[in-house]
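Participant: Structure for the following, please:
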Amino acid sequence: MSHKITIYTDGAASGNPGPGGYGVVLISGHHRKELSDGFRLTTNNRMELLAVIVALETLRFSGSEVTLYTDSRYVADAVEKGWLFEWEKKHFKKKKNPDLWKRFLKAYRKHKVKFIWIKGHTQNTENERCDRLAVLASQSVHLQEDKGYCQEEDLLFTDKEE
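Facilitator: Next up is the predicted model:
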């Protein structure tokens, strides 16, 4: 039996890079779950992508039919237009966020996912809720380190010093 799940996601960063967070709303039948978390130094695109990853990783059953709404063209277009799969063939050479894209692919391939891009801040109740969750998470006192972003930054600084 296939489980049908609707997911809404959003990411936010105050400054880019800066403190950031993601928000997720998962809906299946009468069940609803909200997720969010915040990071000290990250980017909006990383948070948009991480929201999708966390949502998909949260699903309990493989093979779920997922309709995923996002206001991120970065994420939706990468998948729906097939760019991501070309990046993967080239081992993400010269692409940002390879750590997250690889993690995304593992979760994505466990389900049947259809992305639907929606315009942000247009009174879509669930998208607005995700936005609030993401912003609140980014303002938390207890922000995590986005290790993937920090590693990229460390590499950039190392290259400049040599």
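Participant: and residue 114, how far is that from residue 80?
Facilitator: 8 Å (CB to CB, to the nearest Å). (C-beta placed from N, C-alpha, C; glycine too.)
Participant: What residues does the residue positioned nearest the centre of the chain make contact with?
Facilitator: Taking CA atoms, centre = their mean as the criterion, residue 49 is the residue nearest the geometric centre of the chain, at 2.2 Å. Contacts were defined as CB atoms under 8 Å, 6 or more residues apart in numbering; by that measure residue 49 touches 11, 72, 74-75, 97, 100-101, 104.
Participant: And for residue 74, the neighbour number?
Facilitator: 15 (other CB atoms under 10 Å).
Participant: per-residue confidence for it?
Facilitator: If you check residue 74, the pLDDT there is 96.
Participant: ok now do residue 61, which residues does it touch?
Facilitator: residue 3.
Participant: The one 5 residues further on now?
Facilitator: Going by CB under 8 Å, 6+ apart, residue 66 touches 5-7, 56, 59, 111-114.
Participant: same question, residue 137
Facilitator: Residue 137 touches 12, 21-23, 36-38, counting by CB under 8 Å, 6+ apart.
Participant: Next: residue 78.
Facilitator: Counted by CB under 8 Å, 6+ apart, residue 78 has contacts 84, 87, 101.
Participant: Would you mark the buried spots in the host helix or strand of it?
Facilitator: Counting by DSSP states H and E, the element that carries residue 78 is helix 73-80. Buried residues in helix 73-80, counting neighbours by 16 or more other CB atoms under 10 Å, are found at 75-76, 78-79.
Participant: And stretch 51-67, by the same measure?
Facilitator: 51-56, 59, 64, 66.
Participant: tally of neighbours for residue 16?
Facilitator: Residue 16: 13 neighbours (other CB under 10 Å).
Participant: State the three-state secondary structure for it.
Facilitator: Of the three states, residue 16 takes coil according to DSSP: H, G, I helix; E, B strand; the rest coil.
Participant: isn't it right next to residue 41, touching?
Facilitator: No: if you go by CB atoms under 8 Å, residue 16 and residue 41 don't touch, sitting 10.6 Å apart.
Participant: Tell me how far the helix or strand containing residue 49 lies from the chain's centre.
Facilitator: Using DSSP H and E, the element containing residue 49 is helix 44-58. Centroid separation for helix 44-58 versus its chain: 2 Å, with CA atoms, centre = their mean, to the nearest Å.
Participant: tell me the average confidence for that helix?
Facilitator: On average, helix 44-58 scores 98.
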